[in-house]
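Enquirer: Need the 3D shape of this:
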Amino acid sequence: MKVLHISDLHYRKKIEGGNPYEDMLSSMDSSFDRLKKIMNHVLAENRIDLTVISGDICDEGSAEDYADVKAYLDSLQIPYVLCLGNHDVRSSFYEGWFHEADQGPYLSEYETGGISWISFDNSEHGLPNGIVEESRLQWLDEKLQKDIPSVVIMHHQFDDRPGIPSLTGKEALISLLHKRKPLCVLNGHTHWAEKKKIDGILCLTAPSVSFRAINTEEGSVIFYQSQGYAIY
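Expert: Residues are numbered from 1 along each chain as shown. The predicted structure follows:
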C-alpha cells in the first residue's frame, strides 16, 4: 500500500495578529491552500491508500476551522488517520470534527492493508513538549498487543532538536515500544523531514505543510514558509 504522511498544517482561517508568532502566520500564504496544492500534486501522480496527519492540524483553531479541514479530507475519498498536536484545541477539534463535546485525549485505531494504524495522543494544548500519561500508555499497550503489525502515529519527537526539546516522559513510551515492537512511529512537530532510529525504534518525521524555523547563532529564530510531505 502507499501512504501519504503530512503534518503541522497550523490552519486558522482568521488570524488577528498582535504578537510575533501570529504576525508570522498571517504574513504567509494560507496553509490550507498549500495543503490543497500538495494533494493535487500527489494524487496526480500516485494512488494513495491512506493519508496520515501527525498533529497541529489547526493553530488555536475554532470548531469551524476543524470542520473546514475535515470537509476537504472527506471530499478526497481517501481513508485518513490523524493525531492532535500541542497547537490543537481539543474541544474545538471534537466539536468541529465529531459535533460532540471534548472526550479527552484523542486515541484511535484504524485497520487497513493488514496493519493497525494507532493514533496515540501525546499532546496537550499549552504544553509545547507534550505529555505521556499512564492512562494513555495503558490504552496504547492494549492496542499493541493485538496479533497484527502496527504503526504508531503521534505528534512529538523522541530526540532533542535545536530549539525543540524532546517529548516529556518519553522514557516510559520508548520502553513500551521496545516491548511491543511496532513497525515504526510516524510523527511531526519538528517541521523537518527525517528518518532515524531512536533506541532501535524507526521514527519517520513528516515535513510541515505550513512553515519551518532556523535557529541562528545569535539566538534568534528565522521562520519561512514551506510545504512538504512524505510518501511511504
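Enquirer: Could you report the pLDDT at Y21?
Expert: With respect to pLDDT, Y21 scores 88.
Enquirer: Give me the neighbour count for the closest residue to T216 other than its chain neighbours.
Expert: In this structure, T216 finds its nearest non-sequential neighbour in I222, 6.3 Å apart by Cβ to Cβ, 6 or more residues apart in numbering. For the C-beta atoms, the positions are set from N, CA and C on the backbone; glycine is no exception. Here the count is done by other Cβ atoms under 10 Å, and I222 has 9 residues near it.
Enquirer: now swap in D160 and tell me
Expert: Burial measure for D160: 10 neighbouring residues, criterion other Cβ under 10 Å.
Enquirer: which stretches of this protein form helices?
Expert: Along the chain, the stretches classed as helices by DSSP state H are 20-26, 31-45, 63-76, 90-98, 134-144, 170-180.
Enquirer: and of those, who's closest to V3?
Expert: Checking the helices of the chain against V3 by Cβ to Cβ gives helix 31-45 as the closest, at 11.1 Å.
Enquirer: Contacts only, for the most centrally placed residue in the chain.
Expert: Among the residues of the chain, the one closest to the centroid is S54, at 1.8 Å (Cα atoms, centre = their mean). When contacts are counted by Cβ atoms under 8 Å, 6 or more residues apart in numbering, S54 is found next to 5-8, 82-83, 85, 153-155, 186-189, 206.
Enquirer: How about it: which residues does it bridge to?
Expert: Beta-bridge pairing of S54 under DSSP bridges involves C83.
Enquirer: any chance of the helices of the chain in a markdown table, plus distance to L127 and mean neighbour count?
Expert: Listed next are the helices of the chain as a markdown table, based on distance: least, Cβ to Cβ, whole Å; neighbours: other Cβ atoms under 10 Å:
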| stretch | distance to L127 | mean neighbour count |
| --- | --- | --- |
| helix 20-26 | 16 | 14 |
| helix 31-45 | 22 | 15 |
| helix 63-76 | 20 | 16 |
| helix 90-98 | 12 | 18 |
| helix 134-144 | 13 | 15 |
| helix 170-180 | 14 | 16 |
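Enquirer: now for those, which one comes closest to A193?
Expert: Nearest of the helices of the chain (Cβ to Cβ): helix 31-45, 13.3 Å.
Enquirer: ok, residues contacting the closest one?
Expert: Outside helix 31-45, the residues that touch it by Cβ under 8 Å, 6+ apart are 4, 6, 9-11, 13, 48, 68-69, 72, 76, 209-211, 227-229, 231.
Enquirer: go on, stretch 7-27?
Expert: With Cβ under 8 Å, 6+ apart as the contact definition, stretch 7-27 has outside contacts at 30-32, 35, 53-62, 64-65, 68-69, 85, 87, 155, 187-189, 191, 205-211, 223.
Enquirer: Mind pulling up the pLDDT for I131?
Expert: Looking at I131, its pLDDT is 97.
Enquirer: Same check on S226?
Expert: 88.
Enquirer: surely it meets A206?
Expert: No - judged on Cβ atoms under 8 Å, S226 makes no contact with A206 at a distance of 11.6 Å.
Enquirer: which neighbours do those two share?
Expert: Counting by Cβ under 8 Å, 6+ apart, nothing touches both S226 and A206.
Enquirer: between the two, who's got more neighbours?
Expert: Set side by side, S226 and A206 show more neighbours around A206, with 27 against 18, by other Cβ under 10 Å.
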